[in-house]
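**Student:** Predicted model and sequence below, questions to follow.
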Number of protein chains: 2
Amino acid sequence: MQDRGMLLLLAMAFGTSFAAEPEARVNGGRIEAHLQALAQYGKNPQGGVSRVAYSDADRAGREYVLGLMRDAGLTVSIDTAGNLVGVRAGADPALKAIVLGSHIDSVPEGGNYDGDVGSLSAIEVAHVLNEHDIRLRHPLQVIVFENEEGIMLGSTAIGHGVDAARLAGISQSGKVVRDGLKFIGGNPERIGEARRASGSIDAYLELHIEQGGVLEQEKIPIGVVEGIVGIVDCEVTVEGFANHAGTTPMNQRRDALLAAARFVDALNRIVTAEPGQQVGTVGWIRAQPGAYNVVPGKVSLGLELRDLDASKIQALYSRVVKAAQDIGDKTGTVFHFDRHAASEPALTDKHLQSVITESARALGLSSRRMPSGAGHDAQEMAALGPIGMIFVPSVGGISHSPKEYSRPGDIENGANVLLETLLRLDRQPTAR
Amino acid sequence: MQDRGMLLLLAMAFGTSFAAEPEARVNGGRIEAHLQALAQYGKNPQGGVSRVAYSDADRAGREYVLGLMRDAGLTVSIDTAGNLVGVRAGADPALKAIVLGSHIDSVPEGGNYDGDVGSLSAIEVAHVLNEHDIRLRHPLQVIVFENEEGIMLGSTAIGHGVDAARLAGISQSGKVVRDGLKFIGGNPERIGEARRASGSIDAYLELHIEQGGVLEQEKIPIGVVEGIVGIVDCEVTVEGFANHAGTTPMNQRRDALLAAARFVDALNRIVTAEPGQQVGTVGWIRAQPGAYNVVPGKVSLGLELRDLDASKIQALYSRVVKAAQDIGDKTGTVFHFDRHAASEPALTDKHLQSVITESARALGLSSRRMPSGAGHDAQEMAALGPIGMIFVPSVGGISHSPKEYSRPGDIENGANVLLETLLRLDRQPTAR
């Protein structure tokens, strides 16, 4: 019995042009209904959800999603890292799996789109394949990763592996990670078994909301992600001298907060001085001793730099350090930089970028390439094989907030690009 | 029997010139010994003292000082506000008292000079008068005020009066003020009786360490205080928009911390742009939500302005508010100013300034006029009559710190100027 996969193979073999199947489209209304239903798990009175990993809401939400996966015809299991893994057999047992995935846990007081859109769209894609009885050449896997927002544990366990220290931490639910993992059906003692080998997948695709405002502002429905930016976090300490704010003349001060303020401004100038999509942020600050009537003697602040290009981050960092030294010289203060373990940029596969772009075009959707400024499970899956990411617009660029919102039409477009990209990849010769 | 007071009166009456009594000098070694002894009460392992009001150390230190006052020939009582009041009768019962005073309570982890120098020097002056059997025309009072560092309670009770709310607060000792007051021998129910009428004193003189570095830097041993600066404290709130630090492009941010940083810098420029001794400080700052990966949506900070001239403070404040509006316009943020109850400048008496200056000159000591950037009990005593203040150098300008230090020679000079000023005031016709 010929199945659709075989038809496609024949079509490719004979160069015919019925590759684009007009009937293979996602059901946008179903995705929206599933988003609404999932939004009930951990719903906040003031809107949005607090469905942090290992909370009761997380566990209940996962149960709901697991049911959707089964309804989509996937065979579902929970790996030792607690990830929900749904599989669908392919026609060619020699081929590696194409994996679609995202997460459904949220930040505290988060929204209903970050992670949910990608997870439910991946399930919808499987559902559509099932409904239309489309058998792919490749095995398909849909993974709903656990604890992305906290410490990206589920995908890290699959991609790079996790050490014991991670399991001993306290999660945002209040539970020790190890206990949380058990709570949702994982097995911390055997988490190492969740890790997969490099080269073990054909491709990983993730649909996600942009979480920034670029697509909406430029009225472009599809973002083709060039990569996930690398991050340098650095605790900066400014040492001045605390003194009485009434009795210390202005010219005798060594004001650590004045120096820190000039640093924050200098960082902004340095980062915006050149073209590109690099970002630099001071997100937190503390002044000591911290009273109206004391010139601050010490200030600590959190510096973060992100870019797709690690060498660019390093160049910016060097310029920032140099600027700090100048400010220190002028204010009688000393800057210390305590650079934390950085995350390296994770570039998406160029070929996958092209297939996503072509898929969007075939669906009549414009697209643009762009970095992902946020981290995603995809960066861990990059350890296994080529990754691709599709962004859809976030209204107002708002994310990690109950105000987070993506329009149903945009989500449907993104899910259709995900489906189309999957179908096109599946048709292509495996050795790319 | 003629006493020295009568001799002085006769000298004044006949215009003779033996007014400066070469033998009437303080015993610098004794002041130093008393400072060392007082330093044992609440001594910190790492140096300095923590003798906050109503602590066990405070009560024990007060007991010790009360003994010194008695040794100096003063008749001591504790008023209902807990102040130690030592009195010495004058020759002319029609004259109002000349009052010398300061405090002995400290900030947490404070030093051994702020307050102690003035209190022990005032007692030393009384001691010298007693030793030399010098009877003044005016009654003399030495007051060791309680709880200056916390809420300036003792002198406020005498000067402007305190309301019930003050007594209900928590002191730095952890005790409710009311209970603390009882603990040191005051009577909170009858604290109103400690208040004294306007015009009830002839003069109030206070010796104090400068707490700034001006005298030391200029190698001038005596500061003649022109007044205690007025203070405006203001909580400034900057409202921007919190967003993801990775996904929000630099040009789409409304970064409250960037705006706040520019504000801190602008304040410094405004305050230092014109000549004068005004100071402006941002002593504390908080950014929300306060994480590496979130652009701060809200920042609060503490603005303080001080000057002897209330109109100058107002002018600076207006300029600062204007600058904030400009910064807000450029950064997409909004500044709010919540101005707290300000303390008005308390000017010292011009005539007392002159007498202090002449006294220093007679002792061969140079002096300069200067504001007091810090608050002092003198500002409350200004409600009763003319006040004068004498400053001695603080090494390195350090205060409210275990590193606070004033040299014994400088303290002795200051105490001698206090004595000489007292003697000269006592000789002058009362109606000034």
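**Tutor:** Yep, it's here.
**Student:** only C-alpha atoms for contact and neighbour calcs from this point on.
**Tutor:** Fine.
**Student:** who touches the nearest residue to A:Ala374 once chain neighbours are set aside in this structure?
**Tutor:** Spatial nearest neighbour of A:Ala374, excluding adjacent residues (Cα to Cα, 6 or more residues apart in numbering or on different chains): B:Gly246 at 5.0 Å. Residues near B:Gly246 by Cα atoms under 8 Å, 6 or more residues apart in numbering or on different chains: A:279, A:306, A:372-374, B:293-294.
**Student:** Which two of these have the greatest separation?
**Tutor:** With Cα to Cα as the measure, no two of the contacts of B:Gly246 lie farther apart than A:Ser372 and B:Val294, at 15.1 Å.
**Student:** one step back: can you read off the backbone torsions of the residue nearest to A:Ala374?
**Tutor:** phi -90, psi -40 (degrees, to the nearest 10).
**Student:** Find me the pLDDT at the residue lying closest to A:Ile78 once chain neighbours are set aside, would you?
**Tutor:** Nearest-residue entry for A:Ile78: A:Leu84, 4.8 Å, with adjacent residues in sequence omitted and distances by Cα to Cα, 6+ apart. A:Leu84 carries a pLDDT value of 98.
**Student:** residues near A:Leu84, how many?
**Tutor:** Other residues near A:Leu84 come to 27 when the count uses other Cα atoms under 10 Å in any protein chain shown.
**Student:** do A:Ser77 as well
**Tutor:** A:Ser77 has 15 neighbours, counted by other Cα under 10 Å.
**Student:** Contact residues of the stretch 101-250 of chain A facing chain B?
**Tutor:** Proximity of the stretch 101-250 of chain A to chain B (Cα under 8 Å from any Cα of the partner chain) is limited to residues A:210-214, A:233, A:243-250.
**Student:** that older thread, make a markdown table out of the contacts of B:Gly246 and add distance to B:Pro108.
**Tutor:** As requested, the contacts of B:Gly246 are exported to a markdown table (distance: Cα to Cα, whole Å):
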| residue | distance to B:Pro108 |
| --- | --- |
| A:Val279 | 42 |
| A:Arg306 | 42 |
| A:Ser372 | 49 |
| A:Gly373 | 46 |
| A:Ala374 | 45 |
| B:Asn293 | 36 |
| B:Val294 | 35 |
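**Student:** Would you reformat those residues as CSV and include pLDDT, distance to B:Val177 and secondary structure?
**Tutor:** Converted to CSV, the contacts of B:Gly246 look like this (pLDDT from 0 to 100; distance: Cα to Cα, whole Å; DSSP: H, G, I helix; E, B strand; the rest coil):
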residue, pLDDT, distance to B:Val177, secondary structure
A:Val279, 97, 51, strand
A:Arg306, 96, 52, strand
A:Ser372, 96, 56, strand
A:Gly373, 94, 53, coil
A:Ala374, 93, 52, coil
B:Asn293, 89, 43, coil
B:Val294, 90, 41, strand
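**Student:** what's near enough to touch the residue in the stretch 301-432 of chain A that chain B sits nearest to?
**Tutor:** Nearest residue of the stretch 301-432 of chain A to chain B: A:Gly373, at 4.0 Å (Cα to the nearest Cα). Applying Cα under 8 Å, 6+ apart to A:Gly373 gives the contacts A:228-229, A:306-307, B:245-248.
**Student:** Sort out for me which of the residues you listed are in strands.
**Tutor:** Counting by DSSP state E, the part of the contacts of A:Gly373 found in strands is A:228, A:306-307.
**Student:** buried ones in stretch A:362-377?
**Tutor:** Buried residues in stretch A:362-377, counted by 16 or more other Cα atoms under 10 Å in any protein chain shown: A:365, A:367-377.
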